[in-house]
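Q: sequence and predicted structure below; questions after.
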Amino acid sequence: MAMRVVRVALTGMGGIGSRVAVALLERRVRFSQRFGVDVRLVGACGSASGIVREGGLTVADLADRGTWEPGMVGTALLDRADPDVVIDAGPNDYETGGPGLDHLEWATLRGVHAIMVSKSALALQGERLLAAARDSGSRVHASGASSAALPAVDFLRTNLAGAVITRVEAALTGTSSFVLDEVVRSGSTLDAAIAEATARGIAEPDPAFDLDGRDTAAKLVVIAGMALGVWLPLDGIRRESVRSVTDEQVLAWREAGAKAALVGVLDRTAAGYEASVEVRAYGPGHPYAAARGSTKALMVTAEGFGEYTLVGGASTPEATVAAVLKDVEHLLAGL
Ligand SMILES: NC(=O)C1=CN([C@@H]2O[C@H](COP(=O)(O)OP(=O)(O)OC[C@H]3O[C@@H](n4cnc5c(N)ncnc54)[C@H](OP(=O)(O)O)[C@@H]3O)[C@@H](O)[C@H]2O)C=CC1
Ligand SMILES: N[C@@H](CC=O)C(=O)O
């Protein structure tokens, strides 16, 4: 009997998208053995051109952008590729939602499943888009959009299903953790640390989004929305910046052996959930204190369950790809 074909289209072929594309091709044998499906990457596009191949793209197709069709992007690419799953790894735009908004809308109106790596569509319009997904039967996974290799949504939604979450405090932006670590522990300048985060492929195209808490706030919105069903207005989240840290604070944290991080905080109050982004320092003895570089952390308090600290999921392009593939596996397991 022929295997069921699962058609995948990938929008956004930059540092993350191009790696995801290759990783999907490399996992095809595993997908067929584990899930009994033939996963084909049938379409891919960047900002200006795209390619659709009914039988599935090859590594050579991905590498040779000269063969891609100009203008074959966005919903035109999706219409032509007719995918069962859309993976969006395009840019963020916190005013418009970015191209990912059109792509997620296209998917959720058609019962097509989606895996979001970009954040701004869900951060701005997540409630509406997930309602559309529920109506059409499309499933949306967003590890990449929420904290990548730190499995925040999965942990809250699956492992703590049904729990009343009273507090979440989470270092969700690897770049901010990395920069603070470099400045506090290694004595780097802020500019040198930012340049290194960019060179490692983890900073946003404009690192201000990492440093000034926009990235953390967006991830917090996606986590609260997808795991707790609470959609917070992104612009209502008070944000502190890594750039507000003083030399005195740096010295004090260094002497105390503390780990500084920009964290998203979600507190359950009588009036509902309150969210903020704050710079915090964790002294020796705290489970997060020994973490280095872009390592993230999720601290959760849940009624009945107690407290958890999950440390890991350092931001690297490879870790983000691994998180996207996890989402693919979750989708395939449920097909
Ligand atoms: N880097 C990381 O560690 C992580 C990144 N993310 C998120 O993943 C996304 C991609 O990040 P990254 O790969 O690093 O960024 P890049 O800037 O390397 O890649 C962005 C890609 O999006 C493409 N693009 C721009 N506009 C469109 C459009 N309208 N339609 C389709 N594609 C478009 C660009 O195309 P072109 O090539 O033509 O310029 C480019 O290839 C971002 O949203 C980021 O926040 C999430 C988790 C971790
Ligand atoms: N800029 C982000 C990348 C992924 O979301 C980070 O530093 O974690």
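A: Cool, the structure landed. Ligands and ions are numbered 1, 2, ... in the order given.
Q: now the closest residue to ligand 1 within the stretch 101-250 of the chain, nearest residue through space, not along the chain?
A: Closest to ligand 1 within the stretch 101-250 of the chain is Ser118: 3.4 Å, counting by CB to the nearest ligand atom. From N, CA and C alone the C-beta is placed, and that goes for glycine too. Excluding its sequence neighbours, the residue lying closest to Ser118 (CB to CB, 6 or more residues apart in numbering) is Gly100, at 4.1 Å.
Q: and for His286?
A: In space, His286 is closest to Lys259, 7.3 Å off (CB to CB, 6+ apart).
Q: residue contacts, that neighbour?
A: Taking CB atoms under 8 Å, 6 or more residues apart in numbering, we find Lys259 in contact with 181, 184, 253, 281-282, 286, 288-291.
Q: the residue nearest to Ser118 against Ala121, yeah?
A: Yes - if you go by CB atoms under 8 Å, Gly100 and Ala121 touch, sitting 4.1 Å apart.
Q: any shared contact partners between those two?
A: Common neighbours of Gly100 and Ala121 (CB under 8 Å, 6+ apart) are Asp88.
Q: what's the first helix or strand after the helix or strand containing Ala114?
A: Element membership for Ala114 (DSSP states H and E) is strand 113-116. Later in the chain than strand 113-116, the nearest helix or strand by DSSP H and E is helix 120-136.
Q: residues of that next one that come out buried?
A: 120-126, 129-130, 132-133 (16 or more other CB atoms under 10 Å).
Q: which stretches of the stretch 1-150 of the chain form helices?
A: Ranges of helices within the stretch 1-150 of the chain are 15-26, 28-35, 59-63, 74-81, 99-110, 120-136, 143-146, based on DSSP state H, counting those that start in this stretch.
Q: ok, now how distant is Val20 from Ala333?
A: Going from Val20 to Ala333 by CB to CB, to the nearest Å gives 18 Å.
Q: repeat that for Thr246.
A: Thr246 is 49 Å from Ala333, where distance means CB to CB.
Q: quick check: residues of the stretch 201-335 of the chain near ligand 2?
A: Taking CB under 6 Å from any ligand atom as the contact definition, the stretch 201-335 of the chain meets ligand 2 at 202-204, 210, 215, 315.
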